[in-house]
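>>> I'll drop the sequence and a predicted model, then ask my questions.
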Amino acid sequence: MRPTLRHVTGHHQGVYADAARILRSALDGDSDAVVGTFDSVVDRAGIAGAYHVAWCLAATMVGDDVAPGSWTLDYPDIDEAGYDARWVARFVSAYVNADSSTGAALFGAAMEDGQLPECLLTLAGSAVATLRRRTA
């Protein structure tokens, strides 16, 4: 799997390896392994490490073919979606716009709301769905 990390720079290789491990687990449908990998990242690199892995997953969803600039993404009926789906839409939007401060704020809010594990699992699932759609 070729990495697509346009806005993700300056991270050690472990971040990319963790993101790849999460994607492989999600592709296999193993949500316990996805959660376990995020847990091991937090144990090893703290919540900031989990944020960097999540940013890599957003990069995977977006790919390399997006020109830098200010983007508005359209997510039909997003306001009716669950917390995790709204969070993923906003997090990916932050990535597309290279707005790491908004991404970090979203990450922190989900953590404070006790929703971060579900949001990260949904992000991994969304990244896999995107990869599958690209290869279909």
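Yep, it's here.
>>> longest helix in the chain, by residue count?
Secondary structure of the chain per DSSP state H: the longest helix is helix 31-62.
>>> and it, what's its mean pLDDT?
For helix 31-62, mean pLDDT is 93.
>>> again with stretch 92-104
92.
>>> other residues contacting it?
Contact partners of stretch 92-104, identified using C-beta atoms under 8 Å, 6 or more residues apart in numbering, comprise 7, 51, 54-55, 58-59, 61-62, 66, 68, 70-73, 90-91, 106, 126. Backbone N, C-alpha and C define where each C-beta goes, glycine included.
>>> show the buried residues in these.
Buried members of the contacts of stretch 92-104, scored by 16 or more other C-beta atoms under 10 Å, are 7, 51, 54, 55, 58, 59, 61, 62, 90, 91, 106, 126.
>>> now, which of the residues you listed sits nearest residue 20?
Nearest to residue 20 out of these is residue 59 (C-beta to C-beta; 11.9 Å).
>>> would you check that residue 119 makes contact with residue 88?
Yes - using C-beta atoms under 8 Å, residue 119 is in contact with residue 88, at 6.6 Å.
>>> which one of the two is surrounded by more residues?
residue 88 (28 against 25; other C-beta atoms under 10 Å).
>>> for the more buried one, give me its contacts.
Counting by C-beta under 8 Å, 6+ apart, residue 88 has contacts 119, 122, 123, 126.
>>> what about it, distance to residue 58?
9 Å (C-beta to C-beta, to the nearest Å).
>>> likewise residue 40?
With distances taken as C-beta to C-beta, residue 40 is found 20 Å from residue 58.
>>> related to what we said a few turns ago, and the contacts of residue 88 as TSV, adding pLDDT?
Output for those, formatted as TSV (pLDDT from 0 to 100):
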residue	pLDDT
119	97
122	97
123	97
126	95
